[in-house]
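Enquirer: Sequence isn't available, so here's the structure alone:
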Ligand SMILES: Cc1c2[nH]c(c1CCC(=O)O)Cc1[nH]c(c(CCC(=O)O)c1C)Cc1[nH]c(c(CCC(=O)O)c1C)Cc1[nH]c(c(C)c1CCC(=O)O)C2
C-alpha cells in the first residue's frame with residue numbers, strides 16, 4: 001500500500017542530489033543521531049542498541065533529535081538503524097557491545113564451514129525480517145511532517161562481508177583478506193547474494209517512505225585498486241542498476257542514490273561511473289581535485305570535512321568550511337555539492353560546535 005505523507009517544506013537535498021542548481025548547498029552529517037547527543041542517551045535509556053533499532057517509536061524519536069535540535073540548519077534526516085541488520089536478516093547473530101562496537105559470536109570461517117553453506121542456501125525474506133525498519137521509516141515520515149526528506153541506507157556487500165567474516169571491527173582484516181585471496185569465488189558468491197538483498201531492502205525502504213538512499217562501503221579503502229574492481233565495484237554497480245528497476249516494478253518513482261566508498265581515493269573516477277547520482281568523499285580529498293576528477297559528468301559530490309575538526313577551535317571550523325566552499329566551487333557552480341563530514345560524527349563532540357559548523361556553512365554560502 002502506498003502511503004500519503006505531508007507535502008515537503010524543504011526538498012533542497014533532493015533537488016541537489018538530482019544535480020539541479022539550488023539556492024544553497026544542502027547539509028546533513030553521517031551519524032547525526034548518535035552518541036554525541038545527550039538526548040540520544042536519554043531516549044536509549046537502558047535498552048540495547050539493536051532493541052532501539054527494532055522499536056519504531058524509539059528509532060523515529062532518535063532520528064528526529066538532530067532535526068529538532070538543529071531546526072532550520074540541516075536538510076535531511078537519516079533513519080536510525082545500522083548496516084548490520086542485513087547480516088542479521090541472513091540469520092547471523094550480531095550484538096552491539098557497549099564502547100566496543102559490533103560483535104558476531106559465530107562469524108563465517110571458511111567456505112567449507114557448514115555455516116557458509118547454510119547462509120548461502122537460506123532464502124532470506126527481507127520484507128519480513130526487516131519489517132521493523134520499514135515501520136520505523138513510515139512512522140518517521142509521519143513525524144517529520146514534511147520538514148526535511150528522509151534518507152534510507154544499507155551497507156555495501158564488501159563492507160558487510162568484512163563484518164560477517166571478521167566478526168566485528170578489525171585493524172588487519174585477516175579473515176577478509178583470506179577470503180579475497182584464498183576463496184575469491186566463494187567470496188563473490190556471497191557478495192552477489194548480499195547485493196541482491198541490498199536491492200530489495202532499499203526498494204522496500206523507499207516504499208515505506210525513504211526519499212534518498214545511501215550505500216555505505218566503509219571498508220573500500222582496505223582493498224587495492226585491482227581487488228576493488230573485483231570485490232566491490234561490480235556489486236556497487238549491481239545495486240545502482242537494479243534498484244531503479246525494482247522500484248519501477250513496485251510502481252515507485254526513482255530516488256537519488258549516494259555511494260560512500262570510504263578510502264577508495266584511487267577509485268573516484270570509477271565511482272563516478274557506477275550509476276549513482278552522488279559520491280560521498282572522505283576527508284582525504286582536496287575538494288577541488290575531486291571536482292576536477294568528476295569533470296563534465298552529472299555527479300554530485302558529498303562531504304567532506306574531517307570529522308576531527310569538531311574537536312578544534314571555532315577558527316578551525318570556519319577555515320575548513322571556507323576551504324570546502326572554495327574547493328567545491330560553490331559561488332560559481334551553485335550545484336554538485338551536498339555538505340557533510342568525511343565520515344560519521346564522533347563521540348564527545350560538543351553539539352554546539354556542530355551547530356557552529358552548520359551556521360558557518362549557511363553564512364559562507366549565502367547569496368546576496
Ligand atoms: C560501519 C558501519 C556500522 N554502522 C554504520 C556503518 C557505516 C558508516 C560508517 O562507516 O561509520 C551505519 C550507521 N550506524 C548508525 C547509523 C544511523 C544513522 C545516522 O545518524 O547516520 C548509520 C547510517 C547508528 C549507530 N551505529 C552504532 C551506533 C552507536 C551505538 C551506541 O553505542 O549507542 C550508532 C548511533 C554502532 C555501530 N555500528 C557499526 C559500528 C562499527 C558501530 C560501533 C562503533 C561506533 O559507534 O562508531 C557498524
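Expert: Yep, that arrived. Predicted model, so just to flag it, every value in this text is computed and none were measured.

Enquirer: Tell me the residues of this structure that contact the ligand?
Expert: 30-35, 49, 78, 80-84, 96, 101-102, 153, 169, 216, 218, 344 (C-beta under 6 Å from any ligand atom). (C-beta placed from N, C-alpha, C; glycine too.)

Enquirer: Buried ones among those residues?
Expert: Among the residues of the chain next to the ligand, those classed as buried by 16 or more other C-beta atoms under 10 Å are 30-34, 49, 78, 80-84, 96, 102, 153, 216, 218, 344.

Enquirer: Which members of the residues of the chain next to the ligand occur in strands, if any?
Expert: 78, 96, 101-102, 153, 216 (DSSP state E).

Enquirer: Low-confidence stretches in the stretch 251-368 of the chain?
Expert: Across the stretch 251-368 of the chain, the ranges flagged by pLDDT under 70 are 368.

Enquirer: try 90
Expert: 367-368 (pLDDT under 90).

Enquirer: Show me where it has its helices.
Expert: 268-271, 287-294, 314-327, 330-333, 351-364 (DSSP state H, counting those that start in this stretch).

Enquirer: what is the rounded mean pLDDT of the helix or strand where residue 16 lies?
Expert: Using DSSP states H and E, the element containing residue 16 is helix 12-17. Averaging pLDDT along helix 12-17 gives 98.

Enquirer: Run a quick check on residue 151 versus residue 211, I expect a contact.
Expert: Yes. Between residue 151 and residue 211 a contact is recorded at 7.3 Å, counting by C-beta atoms under 8 Å.

Enquirer: What distance do you get for the residue in the stretch 201-350 of the chain that the ligand sits nearest to to residue 23?
Expert: Closest residue of the stretch 201-350 of the chain to the ligand, C-beta to the nearest ligand atom: residue 218 (3.1 Å). Residue 218 is 32 Å from residue 23, where distance means C-beta to C-beta, to the nearest Å.

Enquirer: what do you get for residue 180?
Expert: Counting by C-beta to C-beta, the gap from residue 180 to residue 23 is 45 Å.

Enquirer: neighbour count winner among these two?
Expert: Using other C-beta atoms under 10 Å as the criterion, residue 180 and residue 23 rank with residue 180 on top: 22 against 12.

Enquirer: ok, that one touching residue 190?
Expert: No. The criterion here is C-beta under 8 Å, and residue 180 misses it with residue 190 at 11.4 Å.

Enquirer: and the helix holding residue 16, which residues are buried?
Expert: Applying a neighbour-count criterion of 16+ other C-beta under 10 Å, one finds 12-14, 16-17 buried in helix 12-17.

Enquirer: which one among those residues gets closest to the ligand?
Expert: For the buried residues of helix 12-17, with the ligand as the reference and C-beta to the nearest ligand atom as the criterion, the closest is residue 13, at 14.2 Å.

Enquirer: nearest residue to the closest one other than its sequence neighbours?
Expert: Spatial nearest neighbour of residue 13, chain neighbours left out: residue 26 (3.8 Å); criterion: C-beta to C-beta, 6 or more residues apart in numbering.

Enquirer: pLDDT wise, what is residue 127 at?
Expert: What the model reports for residue 127 is a pLDDT of 98.

Enquirer: got the contact list for the host helix or strand of it?
Expert: According to DSSP H and E, residue 127 maps onto helix 126-129. With contact meaning C-beta atoms under 8 Å, 6 or more residues apart in numbering, helix 126-129 is reached by 86, 88-89, 134, 197, 200-201, 204.

Enquirer: go on, stretch 360-368?
Expert: 23-25, 27, 73, 317-318, 321-322, 325, 330, 339.

Enquirer: Count the neighbours of residue 280 for me.
Expert: Neighbour tally, residue 280, other C-beta under 10 Å: 26.

Enquirer: which residues does it form a beta bridge with?
Expert: Counting by DSSP bridges, residue 280 forms beta bridges with residue 302.

Enquirer: Does residue 152 touch residue 207 like I think?
Expert: No. Counting by C-beta under 8 Å, residue 152 does not reach residue 207; the two are 10.0 Å apart.

Enquirer: These two: which has the busier surroundings?
Expert: Using other C-beta under 10 Å, the more surrounded residue of residue 152 and residue 207 is residue 152, with 24 against 20.

Enquirer: Cheers, nothing more for now.
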